[in-house]
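**Q** heads up, no residue letters with this:
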């Protein structure tokens, strides 16, 4: 055999050996280039997946840094009927692990086509138990859920969340700030039996949710809710509200409603005729304009005064002649009307507006009302007369407490604050909501005079049930008739009882407004709302350790007076 | 004749090495992908566990819960006049003991 023959044979062998390799190469070329796009798509559908993940929403804290709302991962458990190996046994195991009635689960299983929801919002412990069972066809889907560690505390303020979006309350108002980060994660499942995940990449929207720090004080809110429930139940009222504010800063410390409404923000939406609590506005305006002085006396017409042929104004208790302070102490509608008429429409209207009535507070809640204050052009004498004691005008509770805080702080109307600051998760402040005065409404001298009168109301007037021994409390009772929203006429036997005041009167730190809508046992603000005010005030005094005034501790209780307002 | 052959071997070896590095890189990427996913799960689990523990603390600290526990052991919320507030007395004298001075 010549060398040439050997070489030829080797070449032939090499050629034969290379043939399959060439065939494979050609096939690979065909698959990798010509069919590339189609095959990639098919493979991607099989193994690749983009998982959209919504991160936790921002947290909500109270003024002391206590957590009010946070997101936490919970799991929804479901069954895929077609994948269950032993349905009867699996159902029994699941029902015992998740504490579900077996009968109910079996019924649900029979009804479902393939996907059967078992239980929603499982906590981590329950989810771990289900995972440990390693049952084929049992799914656990994790998602962010909102939870409230303090239960019902301030829930009416916080509102609701659904599908990761704020639906009501602060959750809705600050939804953009609180919304969780949305990220997409590329994953590949391998070909193993349980399809293990291989991480590929992650992209997110680059946004980080921020935390909201409210001005609400957890403990004061709790006291307000607790006391409100007690008095609302005791008087069988349809609705009750208690608001607490820091008069110097306009910061809301508590906003309690009962029954709790998670949809409506009642303190800014609900409007009512403030009744005699509005006499403080009339008094302030009259003293500021000089149309009335503390030395003036007013004749109260023995309980009934015919303003004109159609309108007669009545007092709860017939009175003779009263000093200006006495008018407010005894809450005489007749004398308040006389003060208002002397003040004049323009002055009255100016101060009503200056105290913030007829204007939204700027808190921004969607349903916020500006109250009802008819245009000045439509103000007749009768409107002025009844408006002087808080009828014919409607206000929201937040407007009333703002006005009283203005009186408490020396005469400045402050911007209402519910959010103290917005901060990052590690506590870095992004936005600080500093207190801000809107305007000075009355002078310091007038304010001191008004405070003295309001102190007298609690010491010896209709607000005596709000008094706390040893502490100077200033405030005013109010009882107004309810209006039928359909006819616009007053409803007989239905009223709104309220008390608004502040303490310590000489250096006020807290303004409190209590409202009971349609109380059915006792009816007047002095009988229903004033004791509730007293109870809230007492709890705040104890918690804050406010010192009593020795001179007030020694003071003897006044003789009982009627609290019929 | 020797030089071109050694060049061929060198080229073959280089190609083999490149292929090996490429294959090794891919295997490592897949392995790391598994690891990242495992660690991601572990982090998420630990974070969730941590959040659940915090939740429990916050729940125990809620005023409603505290009041319920206080009532159970017979405590009542005090009235303002049942509290004795001690007056703070300013003292110029430095603390005597070494431990008091230290703090």
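**A** Sure, I can see it. Everything numeric here is computed off the predicted structure, so don't read it as measured data.

**Q** element containing residue A:427, please.
**A** Secondary structure from DSSP states H and E places residue A:427 outside every helix and strand.

**Q** residue contacts, residue A:454?
**A** Contacts were defined as CB atoms under 8 Å, 6 or more residues apart in numbering or on different chains; by that measure residue A:454 touches A:280, A:328, A:407, A:474-476, A:501, A:505. Backbone N, C-alpha and C define where each C-beta goes, glycine included.

**Q** of those residues, closest to residue A:148?
**A** Among these, residue A:501 lies closest to residue A:148 (CB to CB), at 30.7 Å.

**Q** quick check: that closest one is in a strand.
**A** Yes - under DSSP: H, G, I helix; E, B strand; the rest coil, residue A:501 sits within a strand.

**Q** could you report the neighbour count for it?
**A** Residue neighbour count, defined by other CB atoms under 10 Å in any protein chain shown, stands at 33 for residue A:501.

**Q** low-confidence stretches in the chain?
**A** Chain wasn't specified; assuming chain A. A:1, A:193-195, A:554-560 (pLDDT under 70).

**Q** hmm, no, I was thinking of chain B.
**A** Segments of chain B classed as low confidence (criterion: pLDDT under 70) are B:1-3, B:88-103.

**Q** where along it do the helices fall?
**A** Across chain B, reading from the start of the chain, the helices by DSSP state H fall at B:2-61, B:63-72, B:98-102.

**Q** would you turn these into a markdown table with mean neighbour count and distance to chain A?
**A** Shown next, in a markdown table, are these (neighbours: other CB atoms under 10 Å in any protein chain shown; distance: least, CB to the nearest CB, whole Å):
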| stretch | mean neighbour count | distance to chain A |
| --- | --- | --- |
| helix B:2-61 | 12 | 3 |
| helix B:63-72 | 13 | 4 |
| helix B:98-102 | 8 | 25 |
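
**Q** which among those is found nearest to residue A:28?
**A** Residue A:28 lies closest to helix B:2-61 among the helices of chain B, at 14.2 Å (CB to CB).

**Q** what's that closest one packed up against?
**A** In terms of contacts (3 or more CB pairs under 8 Å, 6 or more residues apart in numbering or on different chains; DSSP states H and E), helix B:2-61 is packed against strand A:67-80, helix A:124-133, strand A:197-204.

**Q** in the first one, which residues are buried?
**A** Across strand A:67-80, burial judged by 16 or more other CB atoms under 10 Å in any protein chain shown covers A:67-79.

**Q** so what does that strand touch, helix or strand wise?
**A** Counting by 3+ CB pairs under 8 Å, 6+ apart, the elements that strand A:67-80 packs against turn out to be strand A:60-61, helix A:87-97, strand A:115-122, helix A:124-133, strand A:138-147, helix B:2-61.

**Q** so whatever residue of the stretch 201-350 of chain A ends up closest to chain B is in which element?
**A** Each residue of the stretch 201-350 of chain A has a distance to chain B, by CB to the nearest CB, and the smallest belongs to residue A:222, at 3.8 Å. Assigned by DSSP H and E, residue A:222 belongs to helix A:218-234.

**Q** what about the next helix or strand after that helix, distance to the chain center?
**A** Of the helices and strands lying after helix A:218-234 in sequence (DSSP H and E), the nearest is strand A:239-246. Distance, stretch centre to chain centre, for strand A:239-246: 12 Å (CA atoms, centre = their mean, to the nearest Å).

**Q** strand A:239-246 vs helix A:218-234, what angle?
**A** Relative orientation of strand A:239-246 versus helix A:218-234 (axes from the mean of the first three to the mean of the last three CA atoms, to 10 degrees): 150 degrees.

**Q** quick one: contacts of the helix or strand that comes right after strand A:239-246?
**A** Helices and strands here follow DSSP H and E; after strand A:239-246, the next one along the chain is strand A:251-258. Residues from elsewhere that reach strand A:251-258, judged by CB under 8 Å, 6+ apart: A:63, A:154, A:156-157, A:215-217, A:220-221, A:223-225, A:228-229, A:232, A:239-246, A:266-267, A:398, A:416-418, A:420, A:435, A:510.

**Q** what packs against the helix or strand that strand A:251-258 is followed by?
**A** Toward the C-terminal end, the helix or strand that comes next after strand A:251-258 (DSSP H and E) is helix A:266-269. Under the contact criterion of 3+ CB pairs under 8 Å, 6+ apart, helix A:266-269 touches strand A:239-246, strand A:251-258, helix A:397-408.

**Q** need the contact partners of helix A:266-269.
**A** A:156, A:239, A:241, A:243, A:255, A:257, A:361, A:363, A:365, A:367-369, A:396-398.

**Q** the helix holding residue A:222 relative to strand A:251-258, how many degrees between them?
**A** 30 degrees.
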